[in-house]
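K.L.:
Sequence first, predicted coordinates after that:
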Amino acid sequence: MKVNIVFITIVLVLILSLPLYASLEISVATDKQVYQRGETVEVYVSLYNPTAEAITIYVGYPIATYLMDDIYFWHQNKVFPAVLLPPISIEGYQSLTWQLNHDVKELEDYPLGAGIHSVIGYVYSNETIGQHSDAVNFEVIPEPTTLSLFALGAVLLKRKR
């Protein structure tokens, strides 16, 4: 009986002393819903504090990243300094946002073809381990020249028949 009371007391103390970090919310957005093939996609990863209390997070490089199409992490094949940054404080009901660019000219290892793509945001801090945003979808369409060539081809094929 005494062991049960001690165990329950320890569990309650741990639960009541849990930090507010579990309530941090990660979100991701892009600057547009539709892009032409070859166009840079601006990805915004945000960390929101939905509580009234300020929360301090401890981060290193990169602070934020994204996963494109469940295949490509933005930070792969990049070199970052191996240092811890000063702690970052997020006031109550405030958010921090990082802009990351998926520039096809720079990211030759993961170009975006025509079609629907998805992106998921991550913030690398001790307080957000295991958390990520919901996926956001956007579309990449062929360049206008390619569309014109497709249309011309369709017209020529129709004339041959």
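P.N.:
Looks like it arrived, so ask away.

K.L.:
Mean confidence (pLDDT) on the one helix or strand Thr65 maps to, please.
P.N.:
Thr65 belongs to strand 59-68 when elements are defined using DSSP states H and E. Mean pLDDT, strand 59-68: 91.

K.L.:
start at 24 instead
P.N.:
From this message on, residue numbering opens at 24, which makes the last subject strand 82-91.

K.L.:
now the strands for the protein?
P.N.:
Secondary structure of the chain (DSSP state E): strands at 48-53, 57-59, 64-71, 78-80, 82-91, 95-96, 111-113, 118-125, 138-148, 159-164.

K.L.:
a markdown table for the ones you listed, including distance to Pro104?
P.N.:
Every C-beta, even on glycine, is put in place using the N, C-alpha and C of the backbone. Formatted as a markdown table, the strands of the chain follow (distance: least, CB to CB, whole Å):
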| stretch | distance to Pro104 |
| --- | --- |
| strand 48-53 | 23 |
| strand 57-59 | 31 |
| strand 64-71 | 19 |
| strand 78-80 | 18 |
| strand 82-91 | 6 |
| strand 95-96 | 18 |
| strand 111-113 | 17 |
| strand 118-125 | 16 |
| strand 138-148 | 14 |
| strand 159-164 | 29 |
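
K.L.:
Report the buried residues of the strand holding Thr88.
P.N.:
Neighbour-count burial for strand 82-91 flags 82, 85-91 (criterion: 16 or more other CB atoms under 10 Å).

K.L.:
what's the answer for stretch 142-151, then?
P.N.:
For stretch 142-151, by 16+ other CB under 10 Å, it's 142-146, 148, 150-151.

K.L.:
May I see these organised as TSV, with distance to Glu62 added?
P.N.:
Shown next, in TSV, are the buried residues of stretch 142-151 (distance: CB to CB, whole Å):
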residue	distance to Glu62
Val142	15
Ile143	20
Gly144	20
Tyr145	23
Val146	26
Ser148	31
Glu150	34
Thr151	30
